[in-house]
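Q: sequence plus predicted model, see below.
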Amino acid sequence: MSVNVLFVCLGNICRSPTAHAVFQHLVETRGFSDAVRVDSAGTGDWHIGLPPDTRASASAALRGYDLTPLRARQVEPGDFRAFDYILAMDAQNLRNLRALLPADFGGELRLFMHYATGVDEREVPDPYYGGENDFDRVLDLVENAAQGLLDTLVVRHGLRAQSR
Ligand code: 4NP
């Protein structure tokens, strides 16, 4: 049985695809591909079916992450059954998710930045109307929280790395 993790932002073209690719890469490099399944979605519907924002893809590519195969989708009711961890990029996304939350959700819904260490930010700021620095900052925060998240999952779920 895998641990299923869903990253959620507004459009699913900047922050959550970045988290998706960064966390997937970390899961693979640390040998947990069979134990952890990763996906991302947006609370909004404007960008459904579209690839990530080219600025997000370009910034991520400079650090070795490939966002280009990802396509935006909207959060759907089945996600609350399919995912054990639903992690929001900011407080507005979290409020929007709570409004959709079924009473029988058995997983964890919270801010992704809960898992970051050594920084004061509690949210991953929306870079959509920003510049290159804002996309770099998203990557810094996402890389930080991704490490903390995987460390937590390994301990909490007793995950064992596959030897490669
Ligand atoms: P994301 O960024 O939520 O990180 O994917 C945004 C993408 C699109 C818009 C806002 C934020 N928008 O207003 O279209």
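A: Thanks, I have it.
Q: near the ligand, which residues of the chain are found?
A: 9-15, 42, 46, 126, 128 (Cβ under 6 Å from any ligand atom). Yep, even glycine has a C-beta here, placed from its N, CA and C like the rest.
Q: scan these and report the most crowded one.
A: When neighbours are taken as other Cβ atoms under 10 Å, the top entry among these is residue 15 (34 neighbours).
Q: which ones among the residues of the chain next to the ligand map onto helices?
A: Among these, the residues falling in helices (DSSP state H) are residue 15.
Q: taking the residues of the chain next to the ligand together, which two end up most distant?
A: Largest separation among these by Cβ to Cβ: 15 and 46, giving 14.6 Å.
Q: and the pLDDT at the residue nearest to residue 43 when sequence neighbours are not counted?
A: In this structure, residue 43 finds its nearest non-sequential neighbour in residue 96, 4.2 Å apart by Cβ to Cβ, 6 or more residues apart in numbering. Per-residue pLDDT puts residue 96 at 98.
Q: in which helix or strand does residue 96 reside?
A: Following DSSP states H and E, one finds residue 96 within helix 91-100.
Q: ditto for residue 154
A: Per DSSP H and E: helix 132-157 holds residue 154.
Q: pLDDT wise, what is residue 164 at?
A: Residue 164 is given a pLDDT of 59.
Q: got the end-to-end distance for stretch 83-100?
A: 14 Å (Cα to Cα, to the nearest Å).
Q: not counting its own residues, what contacts that stretch?
A: 3-10, 15-16, 19, 39, 43, 75, 77, 79-80, 106-112, 114-115, 122-126, 149, 153 (Cβ atoms under 8 Å, 6 or more residues apart in numbering).
Q: check stretch 33-45 too.
A: Residues contacting stretch 33-45 (Cβ under 8 Å, 6+ apart): 2-13, 16-17, 19-20, 23-24, 27, 70, 72-76, 79, 83, 93, 96-97, 150, 153, 157, 159-160, 162.
Q: hang on, the earlier thing: go through the contacts of stretch 83-100 and flag which are in strands.
A: The strands, defined by DSSP state E, take in 3-9, 39, 108-111 from those.
Q: need the max-distance pair from the residues you listed.
A: Farthest-apart pair in those is 3 and 9; separation 20.5 Å (Cβ to Cβ).
Q: which intervals of the chain have sub-threshold pLDDT?
A: For the chain, applying pLDDT under 70 flags the ranges 164.
Q: thinking again about what came up before, in the helix holding residue 154, what's buried?
A: Buried residues in helix 132-157, counted by 16 or more other Cβ atoms under 10 Å: 134-139, 141-150, 153-154.
Q: pretty sure residue 71 is touching residue 20, no?
A: No: Residue 71 is beyond contact range of residue 20, at 11.0 Å (criterion: Cβ atoms under 8 Å).
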